[in-house]
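>>> sequence and predicted structure are below.
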Amino acid sequence: MTARALFPADTLSGEQRRQVEALSGSVTPEQARWISGDFAGLQAGIARLAGEGALPAGAAAAVRTLTVLHGGETGNSASLAKAFAAAAADQGLVAQVEDMARYKPRRLRDEQDLLLIVSTHGEGDPPQPALDFFEFVEGPKAPRLPELRYSVLALGDSTYEHFCEAGRRLDRRFEALGAARLADRAECDVDYDETAAQWRAEALALLVAQAGAGCEVSAPADPAFPASAAHDKRNPFPARIIDKLTIVGRDSTKETRHVELDIAGSGLAYQPGDALGVVARNDPAVVAALIDAAGLSGDSALTIKGEPTTLAEALESHFEIAITPPRFLDHWAAVTGSAELKRLGSDEGKAERQAWLRANHIVDIVRRFSAKNVDSSTFVAGLRPLQPRLYSISSSLSAMPDEAHITLAPVRYRLHGEARHGVASAHLADRSAVGDSLPVYIQPNEQFRLPEDDKAIIMIGAGTGIAPYRAFLQEREARGSTGKSWLFFGERNFRSDFLYQAEWQAWLKDGTLGRMDVAFSRDRGEKSYVQHRMVERAGDLFAWLEDGAHLYLCGDAAQMAPDVHETLISIVAEEGRLQREGAEEYVRALQRSHRYQRDVY
Amino acid sequence: MADAGFTLDRSKDLSQPLDRLSADERLKKSSNYLRGTISTGLLDRITGAVATDDTRLMKIHGMYQQDDRDLRDERRRQKLEPAYRFMIRVRLPGGVCTADQWLKLDALARSHGGNQLRLTTRQTFQFHWVLKEDVRATIQGLHEALLDTVAACGDVSRNVMCAADPEDSQLHAEVVEAARTVSEEYLPRTRAYHEIWYGEEKVASSDDEQEPFYGATYLPRKFKIGFVVPPSNDIDVYTQDLGFIAIQGPDGLEGFNVAIGGGMGRTENEPLTYPRLADVIGFISKDRLVATTGAVMSVQRDYGNRAERNRARFKYTIDDKGLDWIKAEIESRLGAPLEPARPFHFTSNGDSFGWRETESGRSNCTLYVESGRLANRPGRSWLDGLQAVARRHRGTFRVTPNQNLIVAGVSAEDRPAIEALIAEHGLAGTPESAIRRNSIACVALPTCGLAMAEAERYLPDILGRIEAILAAHGLTDEPITFRISGCPNGCSRPYVAEIALTGRAPGKYNFYLGGGFHGERLARMVRENVGEAEILNVLEDLLGRYAGERHPGERLGDFVERVSYLASEQQVPGRIDPII
Ligand code: SRM
Ligand SMILES: Cc1cc2nc3c(=O)[nH]c(=O)nc-3n(C[C@H](O)[C@H](O)[C@H](O)COP(=O)(O)OP(=O)(O)OC[C@H]3O[C@@H](n4cnc5c(N)ncnc54)[C@H](O)[C@@H]3O)c2cc1C
Ligand SMILES: Cc1cc2nc3c(=O)[nH]c(=O)nc-3n(C[C@H](O)[C@H](O)[C@H](O)COP(=O)(O)O)c2cc1C
Ligand code: SF4
């Protein structure tokens, strides 16, 4: 095609026409295509701004729009999306990075190339912030998308039953809506770097090939892409533990800890609601037991990501060695040739797999299905990299400069007659003392933020779910916020487990905290949970919501969160005289307007 | 009205507007007859405590908010509030209860009171460790056994004491009855107690109906009444605000000598506070008992110091207004003078232990209860033992003013069984040394909010060391009164003991010597704020000389006075404070 095709005679001034003709005379056909593409790109942009739908056919064929749409809760999808945009920019492609939380789904019909990066949460559910997007896409209002080319990068955790389910759903649905799959869906486990990189490369290659390889046109970098902070997940900061104490009273059935870390000089900054990522190590004793069970030697040499190391060191610092990922099941089935393991890995074993894996951690499997002379590298091949653990930050920088506090509930359980401990929580609780340092980073959580100072907040949390509210109130006290506040807290026993009791009492006295309701599930007589208190206060609760209060829910995802959510809906139905559907919509609307935010785990 | 000549200072008493009086007076007045916000406070789920003002009002309902002081610092670091608990004190005139009541007290101790009962120096029971949410249940439980806690603490007439006389004479029976009458007669009348604790309906009533005797501000301070039956002075009648000394005639009880103005409490570095022995001001026939009690208490009610709480006790009212004026005022209110005091004679203020036949043919057994603490400990399952006894026993139980217990009125056929139970549960043994049998320790740590040093928990050790010295000088069988209090308030009545310690700081005590063996003379401070070593040094020296230089049958306290041991001690450091 030529420039002329693009610019009908009457649309150009004499001067312009002379310039273009001069140019078109001088360029090679190749260059002409690039230029046309460039102009088409401009026009596409103009068209989008003018809100027109389809593009001039010619141009559409020439250059397509590119959007990277991400949905997640703990930031992985977001950072991958930004990384993708950066990589695209290097290739001369302009990529719009959009968060499903804010994306207007109706724009879908205007999209041309769409990359979806989405994680799975809860029990195979879409991430909270992406619920509306899913509802629209999977619902009847979703448009046919014949023009669209897309690809899905699904983030997940293979130890969950519904691995990458959210991503799979989108992949299925877009196909059903008639969109064309640009590149196949990739499913990432928690160690997503490689898989994500492969998928990115593949998708980019396909896009660039279309746009014309080796294009020099430089695209503006995505402004949303931040200059990477000095310390982050990849480069955590060694923070010194400055205080650590058990904050439950004698004869408590819990052993909740309060840990204070010194982040001075780290450049780490966080907001109330953010979490602290802690890079922990496995317990040397557990490592030794595993090595012993596998009949290996701890100091046998090994290379991890090009770095030489020993098996013991690798198992301590690089790999998850407790919970069994399905990957290990298959791996070990291959290594040992065990029929039973094969069966469990197969569809036949699907039904029982989840439960079986929970009851049989790696060491248990290795003990029971011993492998003849397996070597170190073969052994670790089935393992997943050790993941940092997140802990809601229970302090506010405005009140505690240079510090980050966390509230820790050590994970302990018995398995096969043995006492077992959670990797990170036990590292913090049992194997680190004041003065020691731990690698940490900030995990921002835009989905859990205080509103303006004059807005009312209702905070609901059980157990360590109270942590971010301590940060909230420290912040509000420091800022002298005027908004009303109301805290619901639940734990086991009033006398031993009322986390930070003295601080809430002080805040209630000075008005920083307006109201507090507590529920204790193991006190003689009353077996109550936070949702029971909510019901007792239904009238006020609804009135607060009607007055624009922001609602927060934090803590246990398995039991508390669903119960509280359900209770919230029935309270809205009851007090707002609404049908179930109406109440659900009311609550969804709260979430949509970010007035109902959750941080559950 | 008495004596015109002298002008009476009324600037600090009931006649003054509230704003001139102490905060406690304003609180009582504004509390709507002790209701305050107690009921709502009990429902507050954010704290195991109640509002500070309510803790004051609750005293008159017979309970104290406390916290486990052993855990205080630990919980502070845990960012938890203190381990709040309530101490509940039963009203038990004369210290007598039935076997059925015992079983109820025992049950409540097990369900709400941390599996222990505490016998007190004013002859009643205390529950410790009661949680806020269990207070009501405890009070209602007591109600079922026809017991209550009304006026067991606070600015009213307190638990009325009565000699625990193991002889169980007819006289004693009459005096116990007198104690009951006085206790009932001067109980607060407010319905608040019934409303808050029994959940009864609020009935509107005019002020006079509310508190005909006390009025809205009750008394300026606690007021303690006790009855004693010579020759035993077990209740320490000289330490009571109002003491009645039973006088016996050819045909039984004739009346009482009246003693006023006793009190132990003092406050460190406040010279205007001091222990004071009661003065015997005359005799009344028994039919004038209630009227006399009212007259005496009303004088304190109307003239007591309500501006300075540390000077509010009756003993200070007497010293401020003058004994003669007070006596005259009492007589004028009685409408007749008191008769001259009758002769009487005390021998001791301690208990004698073991079994005794009584006039009635039944028998009594006095059990030694170290510091009055009834619990189940290895080798001494006292709580279980007494529960078993109570199941079998058809008589009564009597708490003695020395924190011991009398199983009273045991029938001949029950005695073998009860004797067996007592032995079986390690209740039979009385201490070897006479000093231990004559010792008292207040509660102090960990429950008492005012304790500055250990008392009850320290008694066994310190006595052990003193016993070693006594043994070395062959004094093991010599009855010597030893009393220790965790602070200068003197709940163990230390200032009338022959050897006494009052707490100043952990491990540090004020050290007193020379009290009268039957409570007739105050002890003097020989060392201030000293530790165990210094105390034992002084005792080593004193007891050595006592063994060598004493007159036949001379009591340690009397010896200390005679050889003016104190004077000879002048040169050694340690202040000897002039006790008024
Ligand atoms: C339980 C008992 C000591 C014992 O080991 O038996 C006791 C225990 C307490 N006494 Fe007492 N007093 C006890 C007999 C006495 C006596 C002896 C007596 O009355 O025969 C005295 C000295 C006589 C007198 O009143 O002067 C006594 C003088 C005090 C005082 C000082 C009063 C004063 O005027 O200076 C206080 C402090 C106060 O009232 O402000 C006090 C306060 C207290 C309190 C309630 C502490 C408080 O106010 O917070 C103690 C509770 C400790 C606990 O954990 O149980 N207690 N208290 C006695 C309970 C008696 C009863 O059943 O009513
Ligand atoms: C956003 C967010 C915020 C969080 N905030 C906090 C916080 O504020 N405080 C806090 O304490 N935690 C918090 N967590 C949880 C925390 O991140 C860790 O998950 C938790 O501490 C456990 O990690 P771990 O390494 O100690 O245990 P892991 O080594 O991860 O062990 C946990 C695993 O052990 C296995 N397991 C547990 N019990 C049994 C059993 N009975 N039988 C068999 N297997 C069992 C399960 O597979 C479980 O997944 C938060 C999590 C998220 C996602
Ligand atoms: C509370 C919680 C629940 C999760 N549930 C699942 C799940 O059901 N299935 C799954 O594949 N991954 C699950 N994951 C793992 C996340 O999808 C994975 O950590 C992903 O990297 C998060 O990406 P994001 O930060 O973009 O949300 C869960 C993670 C959390 C914290
Ligand atoms: S004497 Fe002091 S320490 Fe002992 S019980 Fe009385 S107030 Fe408490």
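Thanks, I have the structure now. Ligands and ions are numbered 1, 2, ... in the order given.
>>> drop to CA atoms for contacts and neighbour counts, all remaining ones
Fine.
>>> how many residues are close by the residue in the stretch 101-250 of chain A positioned nearest to ligand 1?
Taking Cα to the nearest ligand atom, ligand 1 has its nearest neighbour within the stretch 101-250 of chain A at residue A:250, 21.0 Å off. Using other Cα atoms under 10 Å in any protein chain shown, residue A:250 has 15 neighbouring residues.
>>> quick one, phi/psi of residue B:339?
Backbone torsions for residue B:339, taken as degrees, to the nearest 10, come to phi -80, psi 160.
>>> which residues touch it?
B:282-284 (Cα atoms under 8 Å, 6 or more residues apart in numbering or on different chains).
>>> roughly how far apart are it and chain A?
Distance, residue B:339 to chain A, by Cα to the nearest Cα, to the nearest Å: 59 Å.
>>> how near is that residue to residue A:111?
Residue B:339 sits 113 Å away from residue A:111, taking Cα to Cα, to the nearest Å as the criterion.
>>> with residue B:317 instead?
In terms of Cα to Cα, residue B:317 sits 95 Å off from residue A:111.
>>> go on, residue A:384?
36 Å.
>>> same question, residue B:96
Taken as Cα to Cα, the span from residue B:96 to residue A:111 is 92 Å.
>>> compare the two (neighbour count), which wins?
residue B:96 (24 against 19).
>>> what bridges to the more buried one?
Beta-bridge partners for residue B:96, by DSSP bridges, are residue B:398.
>>> closest to the centroid, which residue in chain A?
residue A:74 (2.5 Å; Cα atoms, centre = their mean).
>>> mind checking what secondary structure that residue has?
coil (DSSP: H, G, I helix; E, B strand; the rest coil).
>>> isn't it right next to residue A:443, touching?
Yes - using Cα atoms under 8 Å, residue A:74 is in contact with residue A:443, at 7.1 Å.
>>> for the longest helix along chain B, buried residues please.
Ranked by number of residues, the top helix in chain B under DSSP state H is helix B:532-549. Going by neighbour count (16 or more other Cα atoms under 10 Å in any protein chain shown), the buried part of helix B:532-549 is B:535, B:539-540, B:542-547.
>>> from residue B:316, how far off is residue A:477?
Applying Cα to Cα to residue A:477 and residue B:316 gives a distance of 50 Å.
>>> quick check: closest non-adjacent residue to residue A:230.
The shortest distance from residue A:230 to any non-neighbouring residue, by Cα to Cα, 6 or more residues apart in numbering or on different chains, is to residue A:267 (6.8 Å).
>>> how many residues are close by the one you found?
With other Cα under 10 Å as criterion, residue A:267 counts 12.
>>> that one touches residue A:232, doesn't it?
No - applying Cα under 8 Å, one finds residue A:267 not in contact with residue A:232, separated by 10.2 Å.
>>> beta partners for residue A:150?
With DSSP bridges as the rule, residue A:150 is bridged to residue A:114, residue A:181.
>>> for the stretch 201-350 of chain A, what spans make up the strands?
Taking DSSP state E, counting those that start in this stretch, the strands of the stretch 201-350 of chain A run over residues A:237-246, A:257-262, A:275-278, A:301-304, A:307-310.
>>> most tightly packed of these?
The highest average neighbour count among the strands of the stretch 201-350 of chain A, using mean count of other Cα atoms under 10 Å in any protein chain shown, belongs to strand A:275-278 at a mean of 24.
>>> next one: residue A:150 from ligand 4, what distance?
79 Å (Cα to the nearest ligand atom, to the nearest Å).
>>> touching, that residue and residue A:116? I think so.
Yes - the pair residue A:150 / residue A:116 is scored as a contact, 7.3 Å apart, by Cα under 8 Å.
>>> which elements pack onto the longest helix of chain B?
helix B:459-472 (3 or more Cα pairs under 8 Å, 6 or more residues apart in numbering or on different chains; DSSP states H and E).
>>> just the buried positions in the helix it packs on, please.
In helix B:459-472, counting by 16+ other Cα under 10 Å, buried: B:459, B:463, B:466-467, B:469-470.
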